[in-house]
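Visitor: sequence first, predicted model second:
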Amino acid sequence: MLLEFPGRSVTVDPFTNPNSTTQRDSGSANALLTAVVVSSIGDLLFDLYVAWALATKYETIMAAAGVIGASLLFRALLAFFLGSVVDRLKKRAALVAANVGSVLVLAVFLFLGDAALESVPLAVGLVLANDVFNELFSRAYVVAGSILLSEDRFV
């Protein structure tokens, strides 16, 4: 890319120039992508573990269907207002808070151990609490990605 200034012109290669926007976006974009992958996989594994454990304990697939169905319905309801909440927050703080919240829910689940799976409402409550934090993270990373990345890299 050729930049022209009065009296001189400068060639800038965004892939080798450390001051270029594309170069600076790379580290942050990779960190954001890694956080999205880890958060998504963690949420999926937690939901599936709770659903599978309840289905095994009660020997009916309806327990698993109830957990997954409640999670999907709750996420749909959260989608109505969580986007406007994220718009009012600092995006990085929202991303960090959402991940810390998810870790706290998982810590409570691990602390309770089998007692968390003895009570279906408690197990579903933990899944729904985790869903709040994951939806908050999902909304925040979309906005953060659009702000962080240049328009040719944001997909």
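Guide: Yep, it's here. Numbers count the residues shown, from 1 in each chain.
Visitor: switch to C-alpha atoms for all contacts and neighbour counts from now on
Guide: Will do.
Visitor: helices of this structure, residue ranges please.
Guide: In the chain, the helices defined using DSSP state H lie at 21-58, 61-88, 91-112, 115-118, 120-148.
Visitor: show me what counts as buried in the fourth one.
Guide: Of the residues in helix 115-118, 116-117 count as buried by neighbour count, 16 or more other C-alpha atoms under 10 Å.
Visitor: now what about that helix, what contacts it?
Guide: Applying C-alpha atoms under 8 Å, 6 or more residues apart in numbering, the external contacts of helix 115-118 come out as 50, 53-54, 109, 122-123.
Visitor: and what of the third one?
Guide: The set of residues that contact helix 91-112 without belonging to it, under C-alpha under 8 Å, 6+ apart, is 39, 86, 116, 126, 129-130, 133-134, 136-137, 140-141, 143-144.
Visitor: which parts of that helix are buried?
Guide: Buried, per 16+ other C-alpha under 10 Å, within helix 91-112: 91, 94-95, 98-99, 101-102, 105-106, 109.
Visitor: now do the second one
Guide: Residues of helix 61-88 classed as buried: 63-64, 66-68, 70-71, 75, 82-83, 86 (neighbour count, 16+ other C-alpha under 10 Å).
Visitor: returning to that earlier point: quick check on the contacts of helix 91-112: which are buried?
Guide: Those of those that meet the buried threshold are 39, 86, 116, 126, 129-130, 133-134, 136-137, 140-141, 144, by 16+ other C-alpha under 10 Å.
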